[in-house]
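Asks: sequence plus the predicted model coming up.
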Amino acid sequence: VLLIHRDMRQLPYADDQEEIANLISNIDAYEADAYRQLDILYERYLGPQSDLDEVADALAQWKTIRVETVRLLSVGQIEEVENRVKTSGMGGTQADKILSCLEDISDFAKNKGDEFYQASQTQRNKTILNTTLLSIAALLALTGIGYFLRKSIVPPINKLTIAAEAMRQGKLDTRIQ
């Protein structure tokens, strides 16, 4: 939009028809790119489609203004063209309207992105909390199992060790349950 506006402002000051043709060619390329980007927005924008429709309508109106401006240039009404392409002129006002609409879309997208980020941070914090609690629970369970195994296995092993030592010392009548 800014490039189209810039080249439109250069039209009345072009030196020859070739420069005018180059400017118009650039404007057409920029316009095609703007519509390509608008198509991408239609596919991906999460806000109301009416926001995009407003931009599309404003672009179409601006196209009409630009066509008339080029026609006036071709018939030699340079002063009228200069007035139309000024920032305060018809073309400049329409460019500002489009930029304002695009700013609204950008603000919505930024806010939506911030919402997604906050939601992901909240989910991340919940996941960290759940993982921490699960790790603590597993540690407590393993500690309990270890304590149980120590209480139920170590005393019989100690008795067996004492009996084996007694047998090694020659007390062959030693018995354990």
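Replies: Alright, I've got the coordinates.

Asks: from here on, contacts and neighbour counts on C-alpha atoms
Replies: OK.

Asks: how near is the most centrally placed residue in the chain to Asp96?
Replies: Nearest to the geometric centre of the chain sits Gly113, at 5.6 Å (Cα atoms, centre = their mean). For Gly113, the distance to Asp96 equals 25 Å [Cα to Cα, to the nearest Å].

Asks: burial count for Ala60?
Replies: Look at Ala60: counted by other Cα atoms under 10 Å, it has 12 neighbours.

Asks: over to Gln49?
Replies: 11.

Asks: how close does the nearest residue to Ala163 once chain neighbours are set aside get to Thr161?
Replies: In space, and not counting its chain neighbours, Ala163 is closest to Thr174: 6.3 Å by Cα to Cα, 6 or more residues apart in numbering. Applying Cα to Cα, the value for Thr174 to Thr161 is 12 Å.

Asks: was I right about the residue nearest to Ala163 contacting Glu165?
Replies: No. Taking Cα atoms under 8 Å as the definition, Thr174 is not a contact partner of Glu165, at 9.8 Å.

Asks: helices of the chain, start to end?
Replies: Under the criterion DSSP state H, helices of the chain are mapped to 2-10, 17-44, 49-74, 78-85, 90-168.

Asks: including mean pLDDT, could the ones you listed go into TSV?
Replies: Output for those, formatted as TSV (pLDDT from 0 to 100):
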stretch	mean pLDDT
helix 2-10	95
helix 17-44	95
helix 49-74	95
helix 78-85	93
helix 90-168	94
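
Asks: and stretch 150-164, which residues are buried?
Replies: Within stretch 150-164, the residues scored as buried using 16 or more other Cα atoms under 10 Å are 163-164.
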